[in-house]
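In: for reference, the sequence and a predicted model appear below.
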Amino acid sequence: MSTLKIMSKNLPSKIAALVVLVFVFLPVDTIAKSKASIIRVKLIETREKLNISPYGSYQIKCYKRSKSVAAYEAATDIAISVSAEGLILLDDNGDVLEYRLDKILFDTKKAQNRFRFNGKPFRGNLQIHFIPGSRTQVAVNLVGLEEYLLGVVPLEMGKKLITDPKDIEALKAQAICARTYSLAKLGQYPHRPFDLEATVADQVYGGMEAEANVISQAVRQTRGEVILYNGNFINAYYHANCGGSTEYVQKIWENKPEADYLIPVVDDTFCVWGTNYLWQQSWNKAELEERINIYLKNYVPVPEKGFGELLDLQLTERLNSGRAKALKIFTRNSEYELKSDQIRWVLRKKENLNSILPSTLFDLQIFKDSAGVIDSVVASGKGNGHGVGMCQIGALGLARAGYAYQEIIPHYYPGTKVVKYY
């Protein structure tokens, strides 16, 4: 194998002794796995330019058709653009270093395993993948599970809620749930270059910017602890506030199998104190029609011209917990039915189309004018989230009542065990 060493005068001086190594037919690098797994987290998928900055220096490895074709060592900003033919690696002057790439890996071992992505700091390494079908690039953070959790737990539990020294027990429970969720979901996207989304689609992840000392302490004190049921990782679903009772998983999401540990748990004593225990949302007719017209088609067949004028809404079925199981929407053209959690994604908040209804545990009041035409609709409800698994506000309530995380977790996941996995 021959190696070509190039010293380029055109590259910025901040790239100290920039070296380009060209290889022929080298296998794709793999990251050694340890007991504490490497998690592949999708940060973004976009056609926009991406900017990466080092803490010191990093190695940049470039691939075409799964073969390593070049490597750079740089101590300056780098940008990546995307074209119909692949990824384009640019220096900080905007000059092209490489093009038509399938993948670029930023190895940060020489930079304390840290980097900045679009201005935000992250731990671990970074991979950029070209997605030919959509002509987009996907940025994936390759980060150790424990380091990943440092950027998850503060956003999932909420730093503002931590006001009592006893809250550490709820934070430990949250860390163990997030760790278990991550391990259970590895490989869930077999045809994608990542394991988890950095959003509510999986777990909200903010990198180093989200980290907080007291929460990092909870993560480190439970290192390697997971939740098992019959020897397997559980699907450790959790939510903000159950509104008094959790629910069967299969009754919230009909496409998910039932699980003996994801069953209703009465919890009103411990979560009633939360500001998100009670809520109210209202819409006028035009606002509600806008939301239904945009999102209804994601769940039921809707004519291209839209669903038609809204005539009525009816909650036709409820679960034992009081949550809405079915909502019928009557329009001048037809009628449509939404099931369980689908309702939250269609009846979105008035203030923000990106914010879904807090929960399905609600009642409807429909106000009509003298001609029987809807004027406004008010939903009055309890809780926040899907209602499956651990209630986070309830976990904090239990912690403040003196319960340890070893007691909080089996309360919400009956029959499970917390074990040291690594």
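Out: Arrived safely, thanks for sending. No experiment lies behind these values; they were computed from the predicted model shown.
In: so where's the protein uncertain?
Out: 1-36 (pLDDT under 70).
In: going along the chain, name the helices of it.
Out: Applying DSSP state H to the chain gives helices spanning 145-150, 153, 168-185, 213-221, 249-252, 268-271, 285-295, 342-346, 392-400, 405-412.
In: can I get those in CSV including distance to D312 and mean neighbour count?
Out: Just so you know, the C-beta spots here come from the backbone N, C-alpha and C atoms, and that holds for glycine as well. Putting the helices of the chain into CSV (distance: least, Cβ to Cβ, whole Å; neighbours: other Cβ atoms under 10 Å) gives the following:
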stretch, distance to D312, mean neighbour count
helix 145-150, 46, 24
helix 153, 43, 29
helix 168-185, 39, 25
helix 213-221, 46, 17
helix 249-252, 25, 21
helix 268-271, 32, 19
helix 285-295, 11, 17
helix 342-346, 15, 21
helix 392-400, 34, 25
helix 405-412, 37, 21
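In: ok, which of those helices comes nearest N333?
Out: Nearest of the helices of the chain to N333, taken as Cβ to Cβ: helix 285-295 at 11.7 Å.
In: pull the CA atoms of that closest one into CSV?
Out: C-alpha atoms of helix 285-295 as CSV (Å, rounded to 0.1, in the frame of the first residue of the first chain):
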residue,chain,number,x,y,z
LYS,A,285,-63.4,27.4,14.7
ALA,A,286,-60.9,28.7,12.1
GLU,A,287,-57.9,27.8,14.4
LEU,A,288,-59.2,24.3,14.9
GLU,A,289,-60.0,23.7,11.3
GLU,A,290,-56.5,24.8,10.3
ARG,A,291,-55.0,22.2,12.7
ILE,A,292,-57.3,19.4,11.6
ASN,A,293,-56.8,20.2,7.9
ILE,A,294,-53.0,20.1,8.2
TYR,A,295,-52.5,17.0,10.5
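In: contacts for it, please.
Out: The contact list for helix 285-295 (Cβ atoms under 8 Å, 6 or more residues apart in numbering) reads 283, 306-307, 309-310, 329, 345-348, 350, 353, 373-377.
In: could you count how many residues lie near the residue nearest to A75 when sequence neighbours are not counted?
Out: Closest residue in space to A75, ignoring its immediate chain neighbours: S57 at 4.0 Å, by Cβ to Cβ, 6 or more residues apart in numbering. Number of residues near S57 (other Cβ atoms under 10 Å) recorded here: 16.
In: shouldn't S57 be in contact with Q112?
Out: No: using Cβ atoms under 8 Å, S57 is not in contact with Q112; the gap is 10.7 Å.
In: tell me the phi and psi of the closest residue to K382 other than its chain neighbours?
Out: The shortest distance from K382 to any non-neighbouring residue, by Cβ to Cβ, 6+ apart, is to G243 (3.2 Å). Here is the backbone geometry of G243 (degrees, to the nearest 10): phi 70, psi 20.
In: the strands in the stretch 301-422 of the chain, which residues?
Out: Secondary structure of the stretch 301-422 of the chain (DSSP state E, counting those that start in this stretch): strands at 310-318, 324-331, 335-339, 362-368, 374-382, 390-391, 417-420.
In: and the second one, what does it pack onto?
Out: So that's strand 324-331. Judged by 3 or more Cβ pairs under 8 Å, 6 or more residues apart in numbering; DSSP states H and E, the packing partners of strand 324-331 are strand 310-318, strand 335-339.
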